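> got a structure for you, letters missing:
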């Protein structure tokens, strides 16, 4: 860490030491013993501007308190049949790890329908997945690889993508905003694979909705992306989701 970055972290840390309860407690739940890493994530999201990063983090903490995010994993979507329908219509799973130990999530974006409940339930489900990643999967990866791991890699399989997916723009916009403001720098790279011919039309609509720092992390790979993914991941025949059966 350079001198300028270290100075920014120290300034940020001094500001966060002044935070009172209940924000202090939810901050501890976020950083889980690694406060510096969390401060760096928010600084990166605001181009190392300490006042802006501080406001962003405090706003995030207030959002967590107001929405009881610390307890969201203990509150499944009810009723049970709705909860299961929401889960089954958004295809996502942990598929392995990169060679650096980052968890790799495979997402069946093309086959996910998001049509079994209102936007509210899908946003709640997405937040639950984020929290499970941050509280369970990333700490487990850190223990497994002997170092603090704070981010993941996502592989988006576009098999089955239809233009009708654009009807979910409202949901995508809300989820993108939630991630940008409250879970910054949690995804290292987005790999998009199995791209159909209609992807370019969908991408023209989706791209403006994403933050510039997010767009820079997106890589569209040819075909199922086997060769490119094998350079960075430990996946063998599971180079993308288990949903489409491609690359087998």
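Received, thanks. Since we're looking at a predicted model, the values are computed, not measured.

> Next up, the contacts around the residue lying closest to residue 184 once chain neighbours are set aside.
The shortest distance from residue 184 to any non-neighbouring residue, by CB to CB, 6 or more residues apart in numbering, is to residue 45 (3.6 Å). Quick note: C-beta positions are derived from backbone N, CA and C, even for glycine. Residue 45 sits next to 53, 56, 180, 184, 185, 213 when contact means CB atoms under 8 Å, 6 or more residues apart in numbering.

> Got phi/psi on the last one?
Same thing as residue 213. Phi and psi for residue 213, reported as degrees, to the nearest 10, are phi -70, psi -30.

> number of nearby residues for it?
Residues near residue 213, counting by other CB atoms under 10 Å, number 13.

> I'd like to know how far the residue nearest to residue 133 when sequence neighbours are not counted sits from residue 108.
Nearest non-adjacent residue to residue 133, counting by CB to CB, 6+ apart: residue 152, 6.5 Å away. Distance, residue 152 to residue 108, by CB to CB, to the nearest Å: 16 Å.

> Same check on residue 53?
Residue 53 is 34 Å from residue 108, by CB to CB.

> Surely the residue nearest to residue 133 and residue 104 touch.
Yes. Counting by CB atoms under 8 Å, residue 104 is a contact partner of residue 152 at 7.0 Å.

> Look at those two and report which has more neighbours.
For residue 152 versus residue 104, neighbours defined as other CB under 10 Å are more numerous around residue 104 (25 against 21).

> average pLDDT for the helix or strand where that one lies?
Assessed by DSSP states H and E, residue 104 sits inside strand 103-107. Taken as a whole, strand 103-107 carries a mean pLDDT of 94.

> so what's the backbone phi/psi at the spatially closest residue to residue 210 that is not a sequence neighbour?
Ranked by CB to CB, 6+ apart and with sequence neighbours excluded, the top spatial neighbour of residue 210 is residue 176, at 6.1 Å. Backbone torsions of residue 176, given as degrees, to the nearest 10, read phi -60, psi -40.

> does residue 176 really touch residue 208, like I thought?
No. Checked against CB under 8 Å, the pair residue 176 and residue 208 is beyond contact range at 10.9 Å.
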